[in-house]
Structure formats: structure tokens, C-alpha cells
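Colleague: This is the structure alone, sequence omitted:
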């Protein structure tokens, strides 16, 4: 699946997107965030406070407990404000 990173998530990781292949036991967005955070210092910094991360699967906003089964794309971004 393609992981896409926005704003300060992208800045901390150092990538705007990448292909990821999490292990089969990774089933939810929350588990994917934890798995990504363990991949290195930049990822750990980006996902240090998972409650501040928002996610979208195939361009639809999802909750942390959403399944990633069948996802082609998952995007991670900080909370957005309107104006």
C-alpha cells in the first residue's frame, strides 16, 4: 500500500510518500502507526503522539481502529483547522 505523509508528518519522516508492506498482523490504522513509529527516528518523531495524527484510507477519513485490509493508499496528517 502507498503511505502518504503531509505537513509536519512529512517533514519529520523526510518523505512525502512510500510503498509499505506491513506484516499481516497489522490490521488497523492504530497498529500501522505503531509499526511505522518503530521504523526509525524520523518515524518515531512523526508518530510520537498518535492522538494528534489523522488518517485517510483511499481518500476517506477514518478512525484509528479502522481496518487497513484492502487499502491501496493511507494518508497521515496533523489535525486541520478551518477558516
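Modeller: Looks like it came in fine. This is a predicted model, so every value here is computed, not measured.

Colleague: Quick one: neighbours of residue 73, just the number.
Modeller: Other residues within reach of residue 73, judged by other C-beta atoms under 10 Å, total 13. To be clear about C-beta, it is placed using only N, CA and C from the backbone, and glycine gets the same treatment.

Colleague: For it, give me phi and psi.
Modeller: Main-chain dihedrals, residue 73, degrees, to the nearest 10: phi -150, psi 140.

Colleague: what's across from the closest residue to it other than its chain neighbours in the sheet?
Modeller: Excluding the flanking residues, the one nearest residue 73 by C-beta to C-beta, 6 or more residues apart in numbering is residue 2, at 4.7 Å. In this structure, residue 2 bridges to residue 19, residue 73 when assessed by DSSP bridges.

Colleague: Tell me, how many residues neighbour residue 2?
Modeller: Here the count is done by other C-beta under 10 Å, and residue 2 has 12 residues near it.

Colleague: before we move on, what about the one 4 residues further on?
Modeller: The burial count assigned to residue 6 is 16, neighbours taken as other C-beta under 10 Å.

Colleague: Residue 57 too?
Modeller: Counted with other C-beta under 10 Å, residue 57 comes out at 20.

Colleague: go on, residue 16?
Modeller: Neighbours of residue 16 (other C-beta under 10 Å): 12.

Colleague: which one is it nearest to, not counting chain neighbours?
Modeller: residue 10 (5.3 Å).

Colleague: distance of the one you found from residue 23?
Modeller: 24 Å (C-beta to C-beta, to the nearest Å).

Colleague: More neighbours: those two, which one.
Modeller: For residue 10 versus residue 23, neighbours defined as other C-beta under 10 Å are more numerous around residue 10 (16 against 8).

Colleague: sec struct for that one, please.
Modeller: helix (DSSP: H, G, I helix; E, B strand; the rest coil).

Colleague: Mean confidence (pLDDT) on the longest helix seen in the chain, please.
Modeller: Secondary structure of the chain per DSSP state H: the longest helix is helix 29-37. Mean pLDDT, computed over helix 29-37, is 98.

Colleague: which helices and strands does it pack with?
Modeller: Contacts defined by 3 or more C-beta pairs under 8 Å, 6 or more residues apart in numbering; DSSP states H and E place helix 29-37 against helix 41-46, strand 54-57, strand 73-77.
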